[in-house]
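S.K.: Build me a model:
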Amino acid sequence: MFFGKVKKAVCAALTASVLALAVAGCGGGASNSDTIKIGANLEMTGTNATFGQSATNGAKLAIKEVNAKGGVLGKQISLVVADNKSEAAEAANAMQKLITQDRVLAVIAPIASSSVIAGAQVNMDGKVLAISPTASNPKVTVDPETGKTRDYLFRAAFIDPFQGSVMANFAAKSLNGKNAALYIDNSSDYAKGLGQFFEETFIKNGGKIVSKEAYLAKDTDFKATLTKIKAANPDILFVPGYYQEVGMIIKQARELGINCAVLGGDGWDSAKLPEIAGNGALNNTYFASHYSPEDNSPAIRTFVDSYKAEYGQVPDSFAALSYDATMMIIEAIKRVGSEDTVKIKDELAKTKEYQAVSGIITLNETHDAVKSAVVIEFKDGKQTFKEKVNP
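M.R.: Here you go, the predicted model:
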């Protein structure tokens with residue numbers, strides 16, 4: 001997910017967090033209580049609220065299932081949720097609260113890359129790991145200034161270079177695309193990164209980029225730019241943004257007679273997208289995702305049935321990945337056999353071939369999940385499984 005402009009916005013929050021951590025002490029949430037607390041720093045309100053709400057549901061389901069079997073270390077697990085309001089600065093504040101006040105043992109990190117990075121120093125200072133279900137920008141786990149892996153940052157998702165190349169290969173090989181247009185959210189490094197990796201791979205496959213245009217988050221009128229894209233006559237339109245703007249872009253593109261295939265990334269995965277774009281407009285559109293509820297693997301079938309019984313709806317990828325991230329934390333705690341946050345972090349880093357809902361996960365040396373991706377196709381507004389792509 002995206003990595004926005006965060007330095008000025010979070011400076012004060014990070015300074016405050018360092019001072020608070022100095023008072024509270026390092027080493028995180030071990031306590032003498034009969035409960036182990038896991039934090040969730042998620043987008044419960046704001047522009048990415050549907051993502052955060054799904055992720056919270058996934059984490060709650062995982063914890064409910066573990067508690068029903070006796071919990072971990074002889075204790076029950078509780079989830080402490082902090083709303084980051086879909087804003088990077090708020091995410092830093094939420095991380096500070098979870099670690100210094102709530103004394104959680106580990107954190108389900110935000111959906112958005114920018115928000116994970118905003119709170120990264122809080123995790124480092126507090127010696128409490130954070131694992132994002134979906135943050136996919138490479139900078140989440142690797143400090144771009146030093147080139148070193150961030151010790152306390154992890155993810156349960158594949159990263160943008162893989163996702164961008166998956167969709168470029170799909171465009172060229174499965175859809176036989178020759179000429180592509182890119183329409184990028186210029187306020188999001190998530191979108192810009194995906195656009196870059198798509199472009200590089202598409203060109204390597206012999207394709208040509210015939211148009212590159214940009215918009216900004218919260219824009220609502222895209223017709224002038226879409227008219228320019230239409231004039232370039234692409235057979236592929238790549239829009240790696242988020243469902244709010246993507247829905248309006250697809251709707252307006254179809255109204256202008258742009259009927260080519262439209263492709264995107266995991267930021268499309270929301271039940272709100274068909275409501276915004278319209279079911280018919282979404283025909284001939286595809287996006288990369290982390291799992292499909294239509295997959296018949298036993299792990300997915302069990303998860304989907306349990307989630308539907310609990311919440312009355314089919315789980316999206318954010319719910320699945322948050323369930324996986326929560327279970328990965330719990331498994332690491334079990335293997336360590338204590339509430340030592342440094343040892344839990346080190347144990348999580350050793351995760352190899354973990355059978356998760358979203359596939360078999362191995363964490364590499366930069367704490368990124370090496371795993372398969374799936375391509376989802378919309379048919380009359382309904383998500384359908386198209387194909388799986390292995391790393």
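
S.K.: From here on, just use CA atoms for contacts and neighbour counts.
M.R.: Fine.

S.K.: tell me the mean pLDDT for stretch 376-385?
M.R.: In this model, stretch 376-385 carries a mean pLDDT of 95.

S.K.: And the average pLDDT for stretch 68-86 is what?
M.R.: Stretch 68-86 comes out at a mean pLDDT of 97.

S.K.: Quick check: residue 286 vs residue 250, distance?
M.R.: 12 Å (CA to CA, to the nearest Å).

S.K.: what touches both of those two?
M.R.: Common neighbours of residue 286 and residue 250 (criterion: CA atoms under 8 Å, 6 or more residues apart in numbering): residue 262.

S.K.: per-residue confidence at residue 62?
M.R.: 98.

S.K.: and it, helix, strand or coil?
M.R.: helix (DSSP: H, G, I helix; E, B strand; the rest coil).

S.K.: check contacts around it.
M.R.: Shown in contact with residue 62 (CA under 8 Å, 6+ apart): 323, 324, 326, 327.

S.K.: Which strand or helix spans residue 202?
M.R.: helix 189-204 (DSSP states H and E).

S.K.: which of the residues in that helix are buried?
M.R.: Going by neighbour count (16 or more other CA atoms under 10 Å), the buried part of helix 189-204 is 189-203.

S.K.: Out of those residues, which comes closest to residue 216?
M.R.: Relative to residue 216, the closest of the buried residues of helix 189-204 is residue 191; by CA to CA it sits at 10.6 Å.

S.K.: in terms of contact, does that closest one touch residue 241 like I think?
M.R.: Yes. Look at residue 191 against residue 241 with CA atoms under 8 Å: they come within range, at 5.5 Å.

S.K.: got the contact list for the helix holding residue 202?
M.R.: With CA under 8 Å, 6+ apart, helix 189-204 has contacts from 1-4, 113, 136-137, 160-161, 163-165, 167-169, 171-172, 182, 184-186, 208-209, 238, 240-241, 265.

S.K.: Give me the buried subset of these.
M.R.: Looks like the contacts of helix 189-204 have 1-4, 113, 136-137, 160-161, 163-165, 167-169, 171-172, 182, 184-186, 208-209, 238, 240-241, 265 buried, using 16+ other CA under 10 Å.

S.K.: now residue 60, nearest residue through space, not along the chain?
M.R.: Sequence neighbours aside, residue 79 is the residue nearest to residue 60 in space, at 7.0 Å (criterion: CA to CA, 6 or more residues apart in numbering).

S.K.: Show me where the chain has its helices.
M.R.: Secondary structure of the chain (DSSP state H): helices located at 7-24, 49-68, 88-96, 113-118, 120-126, 160-169, 189-204, 223-232, 243-255, 272-277, 298-311, 317-336, 341-348.

S.K.: can I get those in TSV with distance to residue 75?
M.R.: Shown next, in TSV, are the helices of the chain (distance: least, CA to CA, whole Å):
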stretch	distance to residue 75
helix 7-24	24
helix 49-68	8
helix 88-96	24
helix 113-118	28
helix 120-126	23
helix 160-169	37
helix 189-204	38
helix 223-232	56
helix 243-255	39
helix 272-277	38
helix 298-311	23
helix 317-336	11
helix 341-348	16
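
S.K.: tell me the most buried of those?
M.R.: Neighbour counts (mean count of other CA atoms under 10 Å) averaged over each of the helices of the chain peak at helix 113-118, with a mean of 30.
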